[in-house]
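[1] quick check, what structure comes out for this input:
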Amino acid sequence: MTCDRTESAERVKNHLPYARHDNGIRFGIRVQPRSAKMAVTGIREGRLKINLTAPPADNAANKQCIALLARIFDKKKNEVTILSGLKSRTKTVFISELDTGTFQARLKGLIERDENT
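    Sure, this is the predicted structure:
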């Protein structure tokens, strides 16, 4: 069986590693504060890439990030937690009460929207 390198590269490019825990999903993100517009721009280096308009000062970017993820995954803001990276662009987040199917479906929608823009 042969493997098309382009197909393989696309699969890796669009792959977001995540871990299922007791009642939610943990995954990595990479944020870009002070962007022109707030948007998820795809998956880069195994992390969900998020542009935020808020500055990193006074926890504003973290608050905006939590609000955006809550909206994307249809959760309350208190169900989204930044586990590590509070003062870094590279973060690990946990979304409680999120099942694998919903996570994958929302992620697929984000990737398809990113590819069509």
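[2] so T92 belongs to a helix, correct?
    No: under DSSP: H, G, I helix; E, B strand; the rest coil, T92 falls outside any helix and is assigned strand.
[3] show me what contacts it?
    Contact analysis of T92 by Cβ atoms under 8 Å, 6 or more residues apart in numbering lists R26, F27, G28, I29, I82, L83, S84, G85. C-betas here are computed from N, CA, C, even on glycine.
[4] helix/strand/coil for V31?
    Put simply, V31 is strand when judged by three-state DSSP.
[5] what bridges to it?
    In this entry, V31 is beta-bridged to I50, by DSSP bridges.
[6] for K77, report the pLDDT, please.
    With respect to pLDDT, K77 scores 98.
[7] swap that for L16, sorry
    With respect to pLDDT, L16 has a value of 89.
[8] chain neighbours aside, what residue packs nearest to it?
    Spatially, and ignoring its direct neighbours in sequence, L16 is nearest to I43 (5.0 Å; Cβ to Cβ, 6 or more residues apart in numbering).
[9] okay, and the one you found sits in which element?
    Using DSSP states H and E, I43 sits in strand 39-44.
[10] where does the chain have low pLDDT?
    Applying pLDDT under 70 to the chain picks out residues 1-14, 112-117.
[11] rewinding a little: so the residue nearest to L16 is in contact with R30, correct?
    No: judged on Cβ atoms under 8 Å, I43 makes no contact with R30 at a distance of 9.4 Å.
[12] more crowded one of those two?
    Counting neighbours by other Cβ atoms under 10 Å for I43 and for R30 shows that I43 has the greater number, 22 against 19.
[13] could you give the bridge partners of the more buried one?
    Beta-bridge partners of I43, as defined by DSSP bridges: L48.
[14] list the contacts of the residue nearest to the spatial centre of the chain.
    Computing the C-alpha centroid of the chain and ranking residues by Cα atoms, centre = their mean puts L48 first, at 3.6 Å. Shown in contact with L48 (Cβ under 8 Å, 6+ apart): L16, F27, G28, I29, R30, V40, G42, L107, L110.
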